[in-house]
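Novice: fold the stuff below for me.
(chains A, B, C and D)
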Number of protein chains: 4
Amino acid sequence: MSDLNTIRDLLIRFRDERNWKQFHTLKNLIISLNLEAAELLELTQWKSDAELAALQSEEKFRQQLREECADVLHYLLLIAEDNGFDLIAAAQDKIRKNALRYPVEQSYGSAKKYTELKHQARDAQD
Amino acid sequence: MSDLNTIRDLLIRFRDERNWKQFHTLKNLIISLNLEAAELLELTQWKSDAELAALQSEEKFRQQLREECADVLHYLLLIAEDNGFDLIAAAQDKIRKNALRYPVEQSYGSAKKYTELKHQARDAQD
Amino acid sequence: MSDLNTIRDLLIRFRDERNWKQFHTLKNLIISLNLEAAELLELTQWKSDAELAALQSEEKFRQQLREECADVLHYLLLIAEDNGFDLIAAAQDKIRKNALRYPVEQSYGSAKKYTELKHQARDAQD
Amino acid sequence: MSDLNTIRDLLIRFRDERNWKQFHTLKNLIISLNLEAAELLELTQWKSDAELAALQSEEKFRQQLREECADVLHYLLLIAEDNGFDLIAAAQDKIRKNALRYPVEQSYGSAKKYTELKHQARDAQD
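Specialist: Numbering: from 1, shown residues only, chains lettered A, B, ... in the order given. Prediction:
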């Protein structure tokens, strides 16, 4: 069964068969990741939330969404590989960090950024 | 051992404990993914390739890079979950599609986009 | 009275007093323009259209919006100056081009991209 | 002779002739501005600084650059008009603010962000 390491290995093989590593500076990989993120954003252009909700059950739109997400993931994997870190471990560590930044009692039902929260749990004793 | 499904489940729990699903329209998730991609891009701002290559061996920079990649992956997982597709399968399918778009003999050592390739393999018989 | 050329000249003076031209490669200027565009986008993060409409009459939000737009304009002016074109003339020419791409009768009340329009006006005689 | 107000008026007429104001929520305008910024970024994809410097003297590339900058400016003007501020005044005010953030003696020849500068001029007496 496939996992993220399998995908990474396929990508590395794909890259090396084409001799493309020469183009993969960190800046170039990050630019390309941003371009793929923009293609995702383009799927929402001029669409209201209601229109998007309807599109989310159309097969053509779903396939586009799936492909653009795949493109972003490819660049994440290439960046992680070039910089010697594990994407799964990074994601898990960041969830832990976010749990400290967004204590449930401070952030329940609120879209405030952690920099705007009072963090009473850490900064104050009631 | 952790895999991508574990991370997804942790994210869903994190989201639901904070009652945040109400903010997670497709447009909002994609906007946030783009903002995290921009934070990755900001790590390269005003830096030459040589400066970036040096930073890539500094621990502080590596940690920032790792965290921003984690943030992008979080949004990919939330989008995939909301739209009922598997990110690993999507990534694998897209590699197959790219292999057709970029035949090795046409794209070896070339940064041309597939729309600029001649695709002799598919379009012509020599 | 100030016009766009005055702003451009102020920006060039600002840049040169700080000896910053060395950082202003085309790639770096475009990356910075994208980062400022992302800061504009961040003003909309997690906000519904109704919440944004309310914010548009709050002074603090209006000031942020104004400043982020100013930042984007600065980079447009620096790119135009470095590449020897006039931004006003470019904007006017592009309106003309868009008028051909989007004939009123084809695009009235429609958010379709020009590549999806039938262009009967140009391609067919009824 | 054309100035920025002329361009703005042309854009408003273009929009209204097509009955497009209904799509121009703040979020949608900012998303579209980001998409145009990404098209600018795409012009640099996989290109080294040396390759870009060469392209900057090629007519086709120059025209693309000019058009993408025009597209970004269009959205800035539409956002400014919808929110009742003058883009020129905004740009001039922001230069003044940046002059305080980046005192010449602190930022000469340095690409540091103002948040990393010591700001001796404001915070210290020598």
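
Novice: right, is the longest helix seen in chain A up against chain D?
Specialist: Criterion DSSP state H: the longest helix present in chain A is helix A:59-82. No. Contact of helix A:59-82 with chain D (Cβ under 8 Å from any Cβ of the partner chain) is absent, the minimum separation being 11.7 Å. To be clear about C-beta, it is placed using only N, CA and C from the backbone, and glycine gets the same treatment.

Novice: that helix versus helix B:59-82: what angle between them?
Specialist: Helix A:59-82 and helix B:59-82 are oriented at 160 degrees to each other (axes from the mean of the first three to the mean of the last three Cα atoms, to 10 degrees).

Novice: can you list the buried residues in helix A:59-82?
Specialist: A:61, A:64-82 (16 or more other Cβ atoms under 10 Å in any protein chain shown).

Novice: likewise for stretch A:104-116?
Specialist: A:106-107, A:111.

Novice: elements contacting the helix or strand just after the longest helix of chain A?
Specialist: Next in sequence after helix A:59-82, counting helices and strands by DSSP states H and E, comes helix A:87-101. The helices and strands touching helix A:87-101, judged by 3 or more Cβ pairs under 8 Å, 6 or more residues apart in numbering or on different chains; DSSP states H and E, are helix A:59-82, helix B:4-17, helix B:59-82.

Novice: and the contacts of helix A:87-101?
Specialist: Residues outside helix A:87-101 that contact it (Cβ atoms under 8 Å, 6 or more residues apart in numbering or on different chains) are A:4, A:76-77, A:80, A:114, A:117, B:2-4, B:6-7, B:10-11, B:14, B:66-67, B:69-71, B:73-74, B:77.

Novice: you'd agree A:Ser107 is up against A:Leu117?
Specialist: Yes. Counting by Cβ atoms under 8 Å, A:Ser107 touches A:Leu117, with 6.4 Å between them.

Novice: now A:Leu33: closest residue in space, sequence neighbours ignored.
Specialist: Nearest residue to A:Leu33 in three dimensions, chain neighbours excluded: A:Tyr75, at 3.8 Å (Cβ to Cβ, 6 or more residues apart in numbering or on different chains).

Novice: and chain A, what are its domains?
Specialist: Using automatic domain parsing, the domains assigned to chain A come out as A:1-85, A:87-126.

Novice: please identify the most buried of the ones you listed.
Specialist: Most buried of the domains of chain A, by mean neighbour count (mean count of other Cβ atoms under 10 Å in any protein chain shown): domain A:1-85, with a mean of 18.

Novice: could you give the mean pLDDT of that domain?
Specialist: For domain A:1-85, the mean pLDDT works out to 96.

Novice: same thing with stretch A:117-126?
Specialist: Per-residue pLDDT over stretch A:117-126 has a mean of 53.

Novice: which residues touch the residue in chain A that chain D sits nearest to?
Specialist: Closest to chain D within chain A is A:Ala38: 3.5 Å, counting by Cβ to the nearest Cβ. A:Ala38 is in contact with B:34, D:34-35, D:38, D:41, counting by Cβ under 8 Å, 6+ apart.

Novice: now do A:Leu117
Specialist: Residues near A:Leu117 by Cβ under 8 Å, 6+ apart: A:101-103, A:106-107.

Novice: for chain C, see how far away it is.
Specialist: From A:Leu117 across to chain C, the span is 14 Å (Cβ to the nearest Cβ, to the nearest Å).

Novice: tell me which of the domains of chain A lies nearest to B:Ser48.
Specialist: domain A:1-85 (8.7 Å; Cβ to Cβ).

Novice: show me how far that closest one is from its chain's centre.
Specialist: 9 Å (Cα atoms, centre = their mean, to the nearest Å).
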